[in-house]
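# Quick check, what structure comes out for this input:
(one chain, ligands or ions: 4)
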Amino acid sequence: MKRISLTQYLVEEQRSHNTIPAELRLLIEVVARACKTISHAVGKGALGDVLGTANIENVQGEVQKKLDIISNEILLEANEWGGHLAAMASEEMETIHLIPNRYPMGEYMLLFDPLDGSSNIDVNVSIGTIFSVLKAPEGMGQPTEQDFLQPGSKQVAAGYAVYGPQTVLVLTTGNGVNCFTLDREMGSWVLTQSNMQIPVETREYAINASNARHWFPPVTRYVNELQAGKAGPRETDFNMRWIASMVADVHRILNRGGIFMYPGDAREPDKPGKLRLMYEANPMAFIVEQAGGAATDGANRIMDIQPQKLHQRVPVFLGSKSEVERVTAYHQQ
Ligand code: AHG
Ligand code: MN
Ligand code: MN
Ligand code: MN
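Ligands and ions are numbered 1, 2, ... in the order given. Next up is the predicted model:
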């Protein structure tokens, strides 16, 4: 089968759905090129002086890895000159990043987790990049953090890259989910999976089980039932996977189903768990819903949440619709 490039896909998508104006197409191609550059840096590992920590703490209270900073810089530099963006926000930057005066401002706002799965960098386990695209509010002047605080339902595009055995880019602009594989010899992204769909049913779940003592009763009940398998109220046995790179766990679920959970727990005063709404939960929720899955915080649809702060955290339950609905229902009881 003749494979098409990311560029051809975007041009044809614009022609058929009129949902990818030229500036958005440029944005996606620039981000995809930046992911190629990050993939190249990741691939060097110890040979490229990209491993280990930078001994700086980020706004999340995490010690930044060198690759957290390198990938953040790559995304900033790649996107500054194009004239497609009004501003950017990142897991690795406390405040928003404005476009330098020497470049024109555009109508889109880009948010990203430049390097997802940082704890896996030094042990050669798949990591990735997550991004989310919003439109600047009508009549916006100088962008502020407030302009970014839009619910996930306002996203016009979202995607992630996985730097693994293959480097892949998964993308949605609101008309389904497509996967592109990096052809390293040609340096181009090639469409390899169209209209990805998450199986509604699954026998696989993903959660960091070492946090079990902190979970709230609905999660404890739900996971205990999965672990009981056929001996309990469920009609089948289940398998468990936890990679600790959200991009890799989500990519597995997009391909073969599953439920991914990062619950809130009793350790935090407002109990949000670890994952960040604006550049992890929202983009992944957009992709998962576009692939026929579901994504909630245990009570509400993730993409309906009105953000209050740029780096706010949120509990995440996403993946195969039947399982997300079940664990969400347990929270209502
Ligand atoms: P990041 O590396 O961008 O900070 O994100 C890591 C996240 C997510 O990718 C993963 O699912 C989760 O942290 C793993 O958390 P635990 O280490 O607590 O399992
Ligand atoms: Mn992350
Ligand atoms: Mn990160
Ligand atoms: Mn981090």
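# hey, where'd the strands end up in the stretch 201-333 of the chain?
Counting by DSSP state E, counting those that start in this stretch, the stretch 201-333 of the chain has strands at residues 204-206, 239-240, 259-262, 294-296, 316-319.
# In its sheet, which strands sit next to the second one, and in what direction?
So the one you mean is strand 239-240. Counting by DSSP bridges, the strands paired with strand 239-240 are strand 204-206 (parallel).
# do the last one as well
According to DSSP bridges, strand 316-319 has the following sheet partners: strand 259-262 (antiparallel), strand 294-296 (antiparallel).
# Low-confidence ranges, the protein, go.
Confidence mapping of the chain against pLDDT under 70 gives the ranges 1.
# What distance do you get for the closest residue to ligand 2 within the stretch 101-250 of the chain to residue 277?
Going by Cβ to the ion, ligand 2 is nearest to residue 116 of the stretch 101-250 of the chain, at 3.5 Å. Where you see a C-beta, it was placed from the backbone N, CA and C, and this is true even at glycine. Counting by Cβ to Cβ, to the nearest Å, the gap between residue 116 and residue 277 amounts to 14 Å.
# go on, residue 200?
Computed as Cβ to Cβ, the residue 200 to residue 277 distance reads 25 Å.
# cool, residue 23 as well?
Look at residue 23 and residue 277: by Cβ to Cβ, they are 25 Å apart.
# Those two: which is more packed in?
With neighbours defined as other Cβ atoms under 10 Å, residue 23 and residue 277 compare such that residue 277 has more, 26 against 15.
# Verify the stated contact: the more buried one with residue 305.
Yes: using Cβ atoms under 8 Å, residue 277 is in contact with residue 305, at 6.3 Å.
# joint contacts of those two?
Listed contacts common to residue 277 and residue 305 are 152, 314; contacts here mean Cβ atoms under 8 Å, 6 or more residues apart in numbering.
# For burial, what's the neighbour tally of the closest residue to ligand 3 within the stretch 101-250 of the chain?
Residue nearest to ligand 3 within the stretch 101-250 of the chain (Cβ to the ion): residue 113, separated by 4.3 Å. Residue 113 is flanked by 28 other residues according to other Cβ under 10 Å.
# cool, residue 218 as well?
For residue 218, the neighbour count with other Cβ under 10 Å is 19.
# Equivalent analysis for the one 3 residues further on, please.
Residues lying near residue 221 (other Cβ under 10 Å) number 15.
# One more: residue 158?
For residue 158, using other Cβ under 10 Å, the count is 27.
# which residues pair with it across the strands?
With DSSP bridges as the criterion, residue 158 is bridged to residue 132, residue 172.
# How about the residues of the protein by ligand 1?
Contact residues, the chain versus ligand 1 (Cβ under 6 Å from any ligand atom): 62, 91, 113, 116-119, 208, 244-246, 274.
# swap the cut-off to 8 Å and go again
Counting by Cβ under 8 Å from any ligand atom, the chain comes close to ligand 1 at 60, 62, 68, 91, 113, 115-120, 127, 130, 208, 210-211, 242-247, 249, 260, 262, 274-276, 280.
# These also near ligand 4: which ones?
Filtering the residues of the chain next to ligand 1 for proximity to ligand 4 by Cβ under 5 Å from the ion leaves 62, 118.
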